[in-house]
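J.: would you be able to build a 3D model of this:
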Amino acid sequence: MSDGNRVFITGGASGLGQALAMHFAAQGWRVLIGDLDRERCADTVAKLQAVSSASDAVACDVTREADLQSAADWLQQRWGGVDVVINNAGVAQMGGIDAASEADWQWIVDINLLGVVRGCRIFTPMLRAQGGGRLVNIASMAGLVHMPQASAYNATKAAVVALSETLHLELEADHIGVSVVCPAFFRTALAQNMRASDPGLEAITKRLVERARIGAEEIARQIFEGVQRGDTHILTHPEARRAWWLKRVLPYGIYLKLMRRQLARMQARMQRKASS
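T.: I've put the predicted structure just below:
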């Protein structure tokens with residue numbers, strides 16, 4: 001892909017979305033971000049325009065199909081289309097199956113899953129009409145390797161993986177590529193809007209995010225490079241890639257034993273940090 005291409009990023013005013021916007025802009029792309037937070041949008045656009053003047057923002061709530069359609073119309077009218085759509089907006093919910101309410105499930109499904117579905121539905125006709133492009137759906141390693149106390153989050157991210165793999169085959173003849181991104185823990189703003197049924201679980205999750213070795217900028221770089229290569233699966237953490245490989249090749253009973261050991265080590269480490 002050459003300089004001057006066009007990218008639209010949902011949830012682009014903060015966290016990974018902002019890091020993606022900055023990285024694409026630095027590579028000479030025209031960047032449109034969509035976000036609910038107008039103030040953060042303005043701040044991000046100011047940063048983007050310092051790198052690339054061809055940057056802008058639109059108000060976008062991914063739970064509203066009309067907002068995504070407005071973004072698509074903006075892109076068609078101003079830039080003649082779009083080359084890459086990154087369905088990035090997402091939230092987290094932690095808690096056991098009997099603790100998370102139905103309202104919590106509806107909230108996370110509406111954003112994490114249906115928000116991606118809406119983005120794919122709205123932009124596929126545009127990409128098809130212009131002869132191709134790429135959909136990039138941000139999932140998580142939680143969509144491939146499922147830890148306890150996160151059933152709602154795991155389920156939505158697993159669904160995004162399934163959706164992406166389905167669309168990879170479904171849209172191939174239209175020259176529309178599909179990538180699904182599955183990062184493990186990295187430093188981002190996701191935990192700020194997290195819902196958790198247990199304060200201790202919330203504190204542990206936030207510490208895992210805040211103390212992660214990798215930041216959003218490194219994840220954005222890996223996503224950009226994966227998009228350039230046309231990767232269908234973009235896994236950003238080596239240890240997560242190993243876990244996914246083990247799940248696919250080992251008998252499930254052996255895999256579960258390994259995961260229980262890993263979970264016990266993680267819990268012990270976090271308890272030591274909490275008491276220090």
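
J.: which elements pack onto the strand or helix carrying A129?
T.: Using DSSP states H and E, the element containing A129 is helix 114-130. If you count contacts as 3 or more Cβ pairs under 8 Å, 6 or more residues apart in numbering; DSSP states H and E, helix 114-130 packs onto strand 6-10, helix 65-79, strand 84-87, strand 133-138, helix 151-170, strand 176-181. No exception for glycine: its C-beta is placed from N, CA and C like everyone else's.

J.: all strands of the stretch 151-276 of the chain, in order?
T.: 176-181, 195-196, 233-234 (DSSP state E, counting those that start in this stretch).

J.: which of these has the lowest mean pLDDT?
T.: Sorting the strands of the stretch 151-276 of the chain by mean pLDDT places strand 195-196 lowest, at a mean of 62.

J.: partner residues bridging the nearest residue to R38 once chain neighbours are set aside?
T.: Computed as Cβ to Cβ, 6 or more residues apart in numbering, the closest residue to R38 that is not its neighbour in sequence is A59, at 6.3 Å. Per DSSP bridges, the residues bridged to A59 are D35.

J.: any idea how many residues pack against A59?
T.: The number of residues packed near A59 is 14, by other Cβ atoms under 10 Å.

J.: so it is in contact with D37, correct?
T.: No: using Cβ atoms under 8 Å, A59 makes no contact with D37, being 9.2 Å away.

J.: so S164 touches G143, yeah?
T.: No: counting by Cβ under 8 Å, S164 sits too far from G143 to count as a contact (9.4 Å).

J.: what touches both of these two?
T.: Listed as contacting both S164 and G143 by Cβ atoms under 8 Å, 6 or more residues apart in numbering are V180.

J.: pLDDT at the residue nearest to R38, what is it?
T.: For A59, the predicted pLDDT is 95.

J.: just to revisit the earlier point, Throw the helices and strands packed on helix 114-130 into JSON lines and include mean neighbour count and distance to I223, thanks.
T.: Output for the helices and strands packed on helix 114-130, formatted as JSON lines (neighbours: other Cβ atoms under 10 Å; distance: least, Cβ to Cβ, whole Å):
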{"stretch": "strand 6-10", "mean neighbour count": "27", "distance to I223": "10"}
{"stretch": "helix 65-79", "mean neighbour count": "17", "distance to I223": "20"}
{"stretch": "strand 84-87", "mean neighbour count": "28", "distance to I223": "8"}
{"stretch": "strand 133-138", "mean neighbour count": "24", "distance to I223": "7"}
{"stretch": "helix 151-170", "mean neighbour count": "19", "distance to I223": "13"}
{"stretch": "strand 176-181", "mean neighbour count": "24", "distance to I223": "6"}
